[in-house]
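Enquirer: Okay, predicted coordinates and the sequence, questions at the end:
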Amino acid sequence: MLNGADFPPITVLPVLLSAALGSLEASEHQLASFRRVKNRPYSLDNQTIHDVIRSCTKQNYTIAHEKAICAHWRSQGGLSVLQKKMLKELEEKLLHMEEVNLHMITLANQCKLQTIEKLIKQDDTSLAIDRLQEWFSSSEDLLDDDEVQCLDCGETVAVLIYADDVNSGFVD
């Protein structure tokens, strides 16, 4: 890590805080964007996923460095009330940014399994099965499930009953 001579002076604190606020805002915006596409990972490509993971990982490494600077400044003592307040805010923003980045990395890792490149490589049957599984697993209108025996083959199959079926009169 850094030795004492490598730490910037406390006068850099306002600049570092301002930069952290801007970075946090950008990270939160990026997280909001990723949340909007998490149910449509096929709208992302492999390179975008790779770049997000790399960027967030790199930024969290930088955050660890900035936390070390904060700890150094705090250990030096002699901070004014304003500097203590700014230092506390910086540490809180760094922690929050680290959490946002970790969440982004998690979402990116989930999305990388179904990028547009992976979707294009699938055959029609696999694609249809995946879409049906997504639809059934994401439906919030599921009321009940039951099992019935198929009259043609005698096999037991699961039947899912949805609120729309009940409301439209398909199911009593």
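Expert: Okay, I see it. Numbering: from 1, shown residues only.
Enquirer: For the rest of this, base every contact and every neighbour count on C-alpha atoms.
Expert: OK.
Enquirer: how far away is Y61 from L94?
Expert: Applying CA to CA, to the nearest Å, the value for Y61 to L94 is 11 Å.
Enquirer: Tell me where this structure has helices.
Expert: Listed in chain order, the helices of the chain (DSSP state H) span residues 13-37, 46-76, 81-111, 116-121, 124-138, 163-167.
Enquirer: tell me the most buried of the ones you listed?
Expert: When the helices of the chain are scored by mean count of other CA atoms under 10 Å, the highest mean neighbour count falls to helix 81-111 (a mean of 18).
Enquirer: Surely L94 is in contact with T62?
Expert: No - under the contact definition of CA atoms under 8 Å, L94 does not touch T62, with a separation of 9.8 Å.
Enquirer: okay, and the common contacts of those two?
Expert: Taking CA atoms under 8 Å, 6 or more residues apart in numbering as the criterion, L94 and T62 do not both touch any residue.
Enquirer: hang on, the earlier thing: so which of the helices of the chain is nearest F7?
Expert: Minimum separation from F7 across these (CA to CA) falls at helix 46-76, 6.3 Å.
Enquirer: That closest one versus helix 13-37: what angle between them?
Expert: Counting by axes from the mean of the first three to the mean of the last three CA atoms, to 10 degrees, helix 46-76 lies at 150 degrees to helix 13-37.
Enquirer: what's helix 46-76 packed up against?
Expert: With contacts defined as 3 or more CA pairs under 8 Å, 6 or more residues apart in numbering; DSSP states H and E, helix 46-76 has these neighbours: helix 81-111.
Enquirer: Counting by contacts, list what the helix it packs on packs against.
Expert: Of the remaining helices and strands, those touching helix 81-111 by 3+ CA pairs under 8 Å, 6+ apart are helix 13-37, helix 46-76.
Enquirer: Among those, which comes closest to Q133?
Expert: Within the helices and strands packed on helix 81-111, the stretch nearest Q133 is helix 13-37; the backing value is 17.8 Å (CA to CA).
Enquirer: now for the closest one, which elements pack on it?
Expert: helix 81-111.
Enquirer: and T62, what does it touch?
Expert: Neighbours of T62 in contact, by CA under 8 Å, 6+ apart: none.
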